[in-house]
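J.: sequence plus the predicted model coming up.
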Amino acid sequence: MDESTFKQLKQSNGRHPEITEVIFEPEMMSELGLVALNNIEKAFDIVWDKTMLDFIWNFFRVGLYLAEKMARERKVKFRLIVEVTKENKELIKALKNHEIRHVDNIRSNFAIFDERAYMVQIFQKEDEPPSQAYFSNSKSLVISQQVLFDRLWKIGMPLESRLKEIEYQDKLNYSKILSNQDEIYNEIDSMIDQTRKELLIFSSSSLLSKVANQSSFLDNYRKISDKKVALRILVDSADENVLDKFKHINNKSDSAYLIDVGFTEKLGKFNEMLMISDSRYVIQTRYNGNNDKLIASFSNEEHQVLVQEIIFEKYWNEVKGLSNNISTV
């Protein structure tokens, strides 16, 4: 990039001239990044892989502090997609004013400024600053990259749920009892967020309806359905009020990933709800005595999860063998 073009970009806050170009000069790359940060009006959308995160922390920490200040004082919206790991979680948690979501195995980086400019840092070596930067304010290219970011954002796991997942990974054969109502709903919501492949629910209709009404269950499932997560639900009766809660989700879903609901009164009435996530976690929720309060137990103990999964499959197969008792709502 020549000096004249670079000067025009700085003076116009990256708006013109319209270019798509590779920048080789380290000073220009750094200065253009700061110009972008200083002149953000509404939103800054960012994807960082490990190399980019390490670079920012080691060489461009002033940019992090500036972003946090702008988010705090000017209410600029910073959205960050990053792979949160045991090793970097404390660093990520320090970004108090960023909205953060986790995506597995990120292998690139890019940033979009106010949906009008796009920049990628290109690294030759992981432990050195970038050797090049790719910059574009071409409207068509920026729009296509914004679509890509928004797709990643939809399938990303919220930071709080990812931190809980890391915590459970470090605690094998872990279990706990929950009696606080908000904690129970938060645990259910978090388990849904963490599911990557399949979610199994074995529940009474009344308890499933209560949880769906009072937690973020439906909203969270809409989010993870974008990750092609399968959901099978087995309930003790064909309660239309319960089934209606899932119909509108299916109406907007890929036909290969519709919610399957099984029901039969021949299995008897349940008095609890079991939720099993990816053969990794199980949460068992029931009413606490005769009152309307809930009590729940969580476990990632392998044997406990396996037993509950086998029980679910047993009943599911029995119901599947009965006519008209398994449907896609």
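T.: Received the coordinates, thanks. Since the structure is predicted, the reported quantities are computational estimates derived from the model, not experimental observations. Residues are numbered from 1 along each chain as shown.
J.: check which helix or strand covers residue 148.
T.: Per DSSP states H and E: residue 148 is located in helix 139-155.
J.: helices or strands up against that helix?
T.: Packing partners of helix 139-155 (3 or more C-beta pairs under 8 Å, 6 or more residues apart in numbering; DSSP states H and E): strand 43-48, strand 77-82, strand 110-113, strand 117-122, helix 217-225. Every C-beta, even on glycine, is put in place using the N, C-alpha and C of the backbone.
J.: turn those into a markdown table, columns for distance to residue 101 and mean neighbour count.
T.: Shown next, in a markdown table, are the helices and strands packed on helix 139-155 (distance: least, C-beta to C-beta, whole Å; neighbours: other C-beta atoms under 10 Å):
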| stretch | distance to residue 101 | mean neighbour count |
| --- | --- | --- |
| strand 43-48 | 10 | 21 |
| strand 77-82 | 5 | 20 |
| strand 110-113 | 15 | 22 |
| strand 117-122 | 19 | 21 |
| helix 217-225 | 10 | 17 |
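J.: dump the residue contacts of the closest residue to residue 196 other than its chain neighbours.
T.: Nearest residue to residue 196, sequence neighbours excluded (C-beta to C-beta, 6 or more residues apart in numbering): residue 278, at 5.7 Å. By C-beta atoms under 8 Å, 6 or more residues apart in numbering, residue 278 lies in contact with 194, 195, 196, 197, 198, 199.
J.: between those, which is nearest residue 155?
T.: Closest to residue 155 out of those is residue 196 (9.7 Å), distances taken as C-beta to C-beta.
J.: mind checking the SS state of the closest one?
T.: Under the three-state scheme (DSSP: H, G, I helix; E, B strand; the rest coil), residue 196 adopts coil.
J.: so what's it up against?
T.: Counting by C-beta under 8 Å, 6+ apart, residue 196 makes contact with 227, 229, 278.
J.: mind listing what the second one touches?
T.: Looking back up the chat, that one is residue 229. Residues near residue 229 by C-beta under 8 Å, 6+ apart: 195, 196, 197, 198, 199, 221, 257.
J.: what's the neighbour count on the nearest residue to residue 83 once chain neighbours are set aside?
T.: Nearest residue to residue 83, sequence neighbours excluded (C-beta to C-beta, 6+ apart): residue 106, at 4.8 Å. Counted with other C-beta atoms under 10 Å, residues neighbouring residue 106 total 18.
J.: and the one 3 residues further on, by the same measure?
T.: Counted with other C-beta under 10 Å, the neighbours of residue 109 add up to 23.
J.: can you pull out the helices in the stretch 1-150 of the chain?
T.: Assigned by DSSP state H, counting those that start in this stretch, the stretch 1-150 of the chain shows helices spanning 3-11, 26-38, 50-59, 61-73, 89-93, 139-155.
J.: among those, which comes closest to residue 310?
T.: Nearest of the helices of the stretch 1-150 of the chain (C-beta to C-beta): helix 139-155, 29.7 Å.
J.: buried sites along the closest one?
T.: The neighbour-count check on helix 139-155 (16 or more other C-beta atoms under 10 Å) flags 142, 145, 146, 149, 153, 155 as buried.
J.: CA atoms of that helix as CSV?
T.: C-alpha atoms of helix 139-155 as CSV (Å, rounded to 0.1, in the frame of the first residue of the first chain):
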residue,chain,number,x,y,z
LYS,A,139,-18.8,-3.6,0.2
SER,A,140,-19.5,-7.1,-1.3
LEU,A,141,-16.5,-8.7,0.5
VAL,A,142,-17.3,-7.1,3.8
ILE,A,143,-20.9,-8.3,3.6
SER,A,144,-19.8,-11.9,2.8
GLN,A,145,-17.5,-11.9,5.8
GLN,A,146,-20.2,-10.5,8.0
VAL,A,147,-22.5,-13.3,7.0
LEU,A,148,-19.7,-15.8,7.9
PHE,A,149,-19.1,-14.1,11.3
ASP,A,150,-22.8,-14.2,12.1
ARG,A,151,-23.0,-17.9,11.3
LEU,A,152,-20.1,-18.6,13.6
TRP,A,153,-21.6,-16.4,16.3
LYS,A,154,-24.9,-18.4,16.1
ILE,A,155,-23.2,-21.7,16.6
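J.: next secondary structure element downstream of that helix?
T.: Helix 139-155 is succeeded, C-terminally, by strand 157-158 (DSSP H and E).
J.: so how far is that following strand from its chain's centroid?
T.: 3 Å (C-alpha atoms, centre = their mean, to the nearest Å).
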